[in-house]
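Asker: next comes the sequence, and after it the predicted model I'd like to discuss.
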Amino acid sequence: MRDPKTRGLIIQIVLIIAITAFAAWLISNTMQNLTRSKIASGFGFLNYRAGFDIGQVPIDYTANSSYGRALVVGIVNTILVSGAGIALATIVGFIVGIARLSHNYLLRGLATIYVETFRNIPPLLVILFWYFGVLTVLPLPKDAIEFPLSTYLSNRGLQMPAARFDAIAIWSVLALIAGIVGAWLLSRRARAMQLQTGQRPSILWPVLGLLIGLPLVVFAVTGFPMTFEIPKATRFNLSGGWHVRPEFLALFLALSFYTAAFIAEIVRAGIIAVSKGQTEAASALGLSRRLTLRLVVVPQAFRVIIPPLTSQYLNLTKNSSLGLAVGYPELVAIGSTVLNQTGQSVEVVAIWMLSYLGLSLSVAAFMNWFNARAALVER
Amino acid sequence: MKNLVKTLLGASIIALSAMPASAATLDDVKKAGTLRCGVNTGLPGFGYQGDDGEWLGFDVDYCRAVAAAVFDGDGTKVQFTPLSAVQRFPALQNNEVDLLARNTTWTMNRDTALGLNFVGVNYYDGQGFMVRKDLDVTSALQLSGATVCVQSGTTTELNLTDYFRSNNMEFQPVVIESQNDVNTAYEQGRCDVLTTDASGLYASRLELANPDEHVVLPEIISKEPLGPLVRQGDEQWFDIVKWVHFGLLNAEELGVNQDNVDEMVNSENPDVRRLLGQDGNFGADVGLTNDWMVKVIKAVGNYGEIFDRNIGPDTPLKIQRGLNALWTKGGLQYAPPVR
């Protein structure tokens, strides 16, 4: 016991045994309590017919699909709103964060007001504000605001023509992939030449040609295999076309602008964290202001920004469960319907937890990989 | 998110609690000194809080009736727990409430797989639709293509889908957790149709800015027998709540009400004498006093009085007895005799 190594090993073994025993007790106790309360248990219900409809179905789903399928729809909807929210929150957050450091008094003041307002209001209120705010401002479908190209905005959401592609359009997709690979090879060659000769050849036009021109030519050759489905007014709604519902809009905007306030502060902190000496050294080397920002300040700021940014992405993903309050059919909303139809509360709660754990770990894993790439490489 | 927290809490109680749920609910209630009753979070006429915070309503009176039977006529010894649709079953299963009187539809799944027992039907309801008058819709069969607002976690969601499918109609659901937010979304025009149990539609219509601009369609698309429920596994408690319900119905049928109950004790009618504990040992057989029904009727009145006071034609809800009239008057309310 004197040996710290042995002691450490013993402590760890005891701890593992204790945790395993606790987990085992938890599971058996749950099963016992469920049996005693005469509550049915097990995951068999996932294969039963769901029987309810969902407002936003990104993958095939009807009321005849299973409960399991309904939950998958919920997960996909959660990923959709989180992904879109993360993208917008990042853009808005970076703009506001940089604006907070602006020399322009007005810009700086507005950015400060934005940050202080949004990060001090609970997210649920922000979501309800957007939802009922959006609904109140927008007109009924029969008085929908009409934009060019058959796009309509009403309190049923944004509706625009949807592109429907024929099977032959796959060639254009393949052409695009080929273009991306080509562009990547070109940029690799350009980089190699820069390292060898110090001169970077301009590859802008060939890259644009590969990325845009090639797919377009293939698209034209295959005879424009695309039709548009245009929203039409029916008795109650505009139907058909591509439909963004107000529930999605409200949740997406609320989560984005709420999280953007936190991201703005992280970005500001990250930029301030790069010492002034770095900028001065860069100008001493003769780098232009633009290059200084791109090659010296931003890469170093990123190292500070990425870890807390990851937390904000995770928060946004988890906050999407508040969509329940405004009727956005995400995982928790659909799960609570399933829970109520089947009464399998323990199972559904377990599915919720595992799903969010999986989502969060995926986001974290990606950000860790990104962080490792952005980390300072010491030579 | 309080709801979510409570659901999670409910699930974790199942996982963590080592104490078996006590089988003798009557003893527990007596020892605690209050009846813990789960009610609606706010449905006018059925379960809601008045201006001074006091709980009122049809279902609330059922809680008070059971409390009066247990606590020797004191119908105030009730601790009300407002529960959302999603919370209600875990709360009862986990012994957080002794009785759930929350306009809950009696279905086979709930009665069997959830470990619960429905004591009877205190309100025969059915799901209906409400629309704006200016849409000129006169029948639910004209609703194809409409957007429908519905509360999550209810049988309503399933009926809605079944009805539209079986009539080859399409619809877009907007499913929101709290009934208040559902109503707001409907009022703001997010959807063309509001659907819930007909009783709930009348209650919701009252809360709209202009109730007269909205009309409830004639179709009733489902059977929604609403009733109080208890946990499985305590037959005595199940019997007590069940017979309080039957006693209220029998009292109306026999003409015993809050005003005349003291005189009716001296009635010569053997049915009345048994109900009010003058003959036989019926109260003691379920663990109560023999004059249990006298206490109950003094506290809340008979079934008809509870109905009229909370939701009847003279209340803002203006609901007719309809299916809920006694069987002797062409309705469905029928109780086994006290004998």
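Answerer: Received the coordinates, thanks.

Asker: check which helix or strand residue 101 maps to.
Answerer: You didn't pick a chain, so chain A it is. Using DSSP states H and E, residue A:101 sits within no helix or strand.

Asker: oops, wrong one, chain B.
Answerer: Counting by DSSP H and E, residue B:101 is part of strand B:99-105.

Asker: is chain A within reach of that strand?
Answerer: No - between strand B:99-105 and chain A, judged by Cβ under 8 Å from any Cβ of the partner chain, nothing touches; the nearest distance is 11.1 Å. For glycine as for every other residue, the C-beta is placed from the backbone atoms N, C-alpha and C.

Asker: how far out from the middle of the chain is that strand?
Answerer: 5 Å (Cα atoms, centre = their mean, to the nearest Å).

Asker: report all helices and strands that that strand contacts.
Answerer: Packing partners of strand B:99-105 (3 or more Cβ pairs under 8 Å, 6 or more residues apart in numbering or on different chains; DSSP states H and E): strand B:35-40, helix B:58-70, helix B:88-93, strand B:123-125, strand B:224-231.

Asker: so for chain A, which of the ones you listed sits nearest?
Answerer: Across the helices and strands packed on strand B:99-105, chain A has its closest neighbour in helix B:88-93 (5.3 Å, Cβ to the nearest Cβ).

Asker: so which elements touch that closest one?
Answerer: Counting by 3+ Cβ pairs under 8 Å, 6+ apart, the packing neighbours recorded for helix B:88-93 are helix B:2-16, strand B:35-40, strand B:99-105, strand B:116-118, strand B:224-231.

Asker: out of these, name the one with the poorest average pLDDT.
Answerer: Note on these: lowest mean pLDDT is at helix B:2-16, with a mean of 58.

Asker: any idea how many residues pack against residue B:314?
Answerer: 9 (other Cβ atoms under 10 Å in any protein chain shown).

Asker: same check, this time on residue A:169
Answerer: Other residues close to residue A:169 by other Cβ under 10 Å number 17.

Asker: nearest spatial neighbour of it, skipping sequence neighbours?
Answerer: Excluding its sequence neighbours, the residue lying closest to residue A:169 (Cβ to Cβ, 6 or more residues apart in numbering or on different chains) is residue A:225, at 4.6 Å.

Asker: and for residue B:53, the neighbour number?
Answerer: Counted with other Cβ under 10 Å, residue B:53 comes out at 6.

Asker: Three-state assignment for it, please.
Answerer: coil (DSSP: H, G, I helix; E, B strand; the rest coil).

Asker: show the pLDDT at it.
Answerer: Listed pLDDT for residue B:53 reads 90.

Asker: try residue B:17
Answerer: Residue B:17 is given a pLDDT of 58.

Asker: also residue B:325?
Answerer: pLDDT for residue B:325: 95.

Asker: in the stretch 201-339 of chain B, what residue lies closest to chain A?
Answerer: Closest point on the stretch 201-339 of chain B to chain A, by Cβ to the nearest Cβ, is residue B:232, at 5.0 Å.

Asker: show me what contacts that residue?
Answerer: Each residue near residue B:232 by Cβ atoms under 8 Å, 6 or more residues apart in numbering or on different chains is listed here: A:37-38, B:115-117, B:238.

Asker: can these go into JSON lines with extra columns for distance to residue A:94 and neighbour count?
Answerer: Output for the contacts of residue B:232, formatted as JSON lines (distance: Cβ to Cβ, whole Å; neighbours: other Cβ atoms under 10 Å in any protein chain shown):
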{"residue": "A:37", "distance to residue A:94": "52", "neighbour count": "21"}
{"residue": "A:38", "distance to residue A:94": "56", "neighbour count": "16"}
{"residue": "B:115", "distance to residue A:94": "53", "neighbour count": "22"}
{"residue": "B:116", "distance to residue A:94": "53", "neighbour count": "24"}
{"residue": "B:117", "distance to residue A:94": "59", "neighbour count": "23"}
{"residue": "B:238", "distance to residue A:94": "62", "neighbour count": "19"}
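
Asker: so which of those residues comes closest to residue A:325?
Answerer: For these, the closest approach to residue A:325 (Cβ to Cβ) belongs to residue B:116, at 27.4 Å.

Asker: low-confidence ranges, the stretch 1-150 of chain B, go.
Answerer: Scanning the stretch 1-150 of chain B for pLDDT under 70 picks out the ranges B:1-22.

Asker: what distance do you get for residue B:180 to chain A?
Answerer: Separation of residue B:180 from chain A (Cβ to the nearest Cβ, to the nearest Å) stands at 11 Å.

Asker: now the residue nearest to residue A:169: how far from chain B?
Answerer: Applying Cβ to the nearest Cβ, the value for residue A:225 to chain B is 28 Å.

Asker: excluding its backbone neighbours, what's nearest residue A:329?
Answerer: Among residues not flanking residue A:329 along the chain, residue A:54 sits closest, at 4.8 Å (Cβ to Cβ, 6+ apart).

Asker: coming back round to it: and the residue of the stretch 201-339 of chain B closest to chain A, its phi and psi?
Answerer: Residue B:232 adopts backbone torsions of phi -70, psi 150, taken as degrees, to the nearest 10.

Asker: what pLDDT does the model give it?
Answerer: pLDDT, residue B:232: 91.

Asker: ok, it to residue B:242 distance?
Answerer: Relative to residue B:242, residue B:232 is positioned 13 Å away (Cβ to Cβ, to the nearest Å).

Asker: kindly report the same for residue B:169.
Answerer: The gap separating residue B:169 from residue B:242 is 40 Å, by Cβ to Cβ.

Asker: just want to know which of these two has more residues nearby.
Answerer: residue B:242 (20 against 15).

Asker: tell me who's in contact with the more buried one.
Answerer: Applying Cβ under 8 Å, 6+ apart, the residues near residue B:242 are B:119-120.

Asker: report the angle between the strand or helix carrying it and helix B:58-70.
Answerer: If you go by DSSP H and E, residue B:242 is part of helix B:235-253. Counting by axes from the mean of the first three to the mean of the last three Cα atoms, to 10 degrees, helix B:235-253 lies at 110 degrees to helix B:58-70.

Asker: how many neighbouring residues does the residue nearest to residue A:169 have?
Answerer: As a measure of burial, residue A:225 has 15 neighbours, counting by other Cβ under 10 Å.

Asker: that one against residue A:170, yeah?
Answerer: No - applying Cβ atoms under 8 Å, one finds residue A:225 not in contact with residue A:170, separated by 9.2 Å.

Asker: overlap in contacts, those two.
Answerer: Joint contacts of residue A:225 and residue A:170 (Cβ under 8 Å, 6+ apart) do not exist.

Asker: just to revisit the earlier point, helices or strands up against whichever helix or strand comes after the strand holding residue B:101?
Answerer: Where DSSP H and E defines the elements, the next helix or strand beyond strand B:99-105 is helix B:108-112. When contacts are defined as 3+ Cβ pairs under 8 Å, 6+ apart, helix B:108-112 packs onto strand B:116-118.

Asker: residue B:308 - how many residues pack around it?
Answerer: With other Cβ under 10 Å as criterion, residue B:308 counts 15.

Asker: which residues touch it?
Answerer: With Cβ under 8 Å, 6+ apart, residue B:308 has these contacts: B:314-315.

Asker: any idea which helix or strand carries it?
Answerer: helix B:303-310.

Asker: tilt between that helix and helix B:235-253?
Answerer: 80 degrees.

Asker: now do the contacts for residue 129.
Answerer: Defaulting to chain A. Under the criterion of Cβ under 8 Å, 6+ apart, the contact list for residue A:129 reads residue A:254.

Asker: oops, I was thinking of chain B
Answerer: Residue B:129 touches B:140, B:143, B:148, B:193-195, B:201, B:216-217, B:219, B:221, counting by Cβ under 8 Å, 6+ apart.

Asker: let's go with 10 Å and repeat that
Answerer: Contacts for residue B:129 (Cβ atoms under 10 Å, 6 or more residues apart in numbering or on different chains) come out as B:137, B:139-140, B:143, B:146, B:148, B:160, B:163, B:192-196, B:198, B:201, B:215-221.

Asker: quick one: which helix or strand includes the residue of chain B most remote from its centre?
Answerer: Using Cα atoms, centre = their mean, the residue of chain B lying farthest from its centre is residue B:268. It sits 34.1 Å away. Using DSSP H and E, residue B:268 maps to neither a helix nor a strand.
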